[in-house]
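Chemist: can't give you the sequence, but here's the structure:
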């Protein structure tokens, strides 16, 4: 099997992954998974697709991720890994879709409008 290249996005984060058979090494921006994502919840999010398909420890994953915050980056990596696993075996698609890992979360920050303080908040109204 050759190297599988996929990408995932969430908010303004973009993750590109290279998945190949190996011992389960996950490298993100030239750092180990536990070094890059210090919070255990984010580590769990990244490994979620691998755990669900019983592939934890079967593949080496090299990740380039940029933009956004830590939470968005972890979700972007999860989507990219899920897409790569479906490329390997199409039978993984149903359980991953049932858990909501195959859908790109399209929610983005709403832009600020002119004449307003923020996206929805207005300047204070003074009647007199």
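Modeler: Thanks, I have the structure now. As the structure is a prediction and not an experimental result, all values here were calculated from the model.

Chemist: Which secondary structure state is assigned to the residue positioned nearest the centre of the chain?
Modeler: Centroid-nearest residue in the chain, with CA atoms, centre = their mean: residue 76, separated by 1.6 Å. The local conformation at residue 76, judged by DSSP: H, G, I helix; E, B strand; the rest coil, is helix.

Chemist: One more: the one 3 residues further on?
Modeler: Under the three-state scheme (three-state DSSP), residue 79 adopts helix.

Chemist: Hmm, it is touching residue 13, no?
Modeler: No - using CB atoms under 8 Å, residue 79 is not in contact with residue 13, being 9.9 Å away. Where C-beta positions appear, they are placed from N, C-alpha and C, glycine not excepted.

Chemist: Looking at the two now, which is surrounded by more residues?
Modeler: Neighbours around residue 79 and residue 13, counted as other CB atoms under 10 Å, are more numerous at residue 79. The numbers are 24 against 21.
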